[in-house]
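Asker: Provided below for reference: sequence and predicted model.
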Amino acid sequence: MWSQEGDKWLYASFRFSDFSEAFAFVTRVAMLAERHQHHPTIKNTYNNVELWLSTHDAGHIVTAKDTLLAEAITKLIN
Ligand SMILES: C[C@H](O)[C@H](O)[C@H]1CNC2=NC(N)=NC(=O)C2=N1
């Protein structure tokens, strides 16, 4: 589900039945991000949500903060 793009990004794409389901997921991701104090780049196109995770404060690389948030996001949909 998650793939690493170079050393800069963790990336994943999620498909839902419609826009409402997709945006509900975005809302839950936003609440998780606040809890983690770590915030993904988010793109929503109708029923699709794409997420990119990177730690800007560490010079825009993938760190444990990204992998921890990725795991928490994965649990939202499992
Ligand atoms: C002070 C605050 O915790 C930091 O600026 C956080 C906020 N959210 C963040 N999110 C992401 N993705 N990378 C960061 O480096 C980052 N830094």
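Answerer: Great, that's in hand. Residues are numbered from 1 along each chain as shown.
Asker: for the ligand, what are the nearby residues on this structure?
Answerer: Residues of the chain lying close to the ligand (Cβ under 6 Å from any ligand atom) are 37-39, 54-57. All C-beta atoms are positioned from the backbone trio N, CA, C, and that covers glycine.
Asker: can you tell me which two in those are farthest apart?
Answerer: 37 and 54 (14.7 Å; Cβ to Cβ).
Asker: Phi, psi for the residue nearest in space to the middle of the chain please.
Answerer: By Cα atoms, centre = their mean, the mean C-alpha position of the chain lies nearest to residue 51, the distance being 3.9 Å. Torsion angles at residue 51 (phi, psi; degrees, to the nearest 10) stand at phi -130, psi 140.
Asker: Please name the residues that touch it.
Answerer: When contacts are counted by Cβ atoms under 8 Å, 6 or more residues apart in numbering, residue 51 touches 11-14, 29, 40-43, 73.
Asker: try residue 14
Answerer: 22, 25, 48-51, 77.
Asker: from those, which is closest to the ligand?
Answerer: Checking the contacts of residue 14 against the ligand with Cβ to the nearest ligand atom, the nearest one is residue 51 at 10.5 Å.
Asker: okay, now the nearest residue to that closest one once chain neighbours are set aside: neighbour count?
Answerer: Of all residues not flanking residue 51 in the chain, residue 40 sits nearest, at 4.6 Å (Cβ to Cβ, 6 or more residues apart in numbering). For residue 40, the count of nearby residues is 25 (other Cβ atoms under 10 Å).
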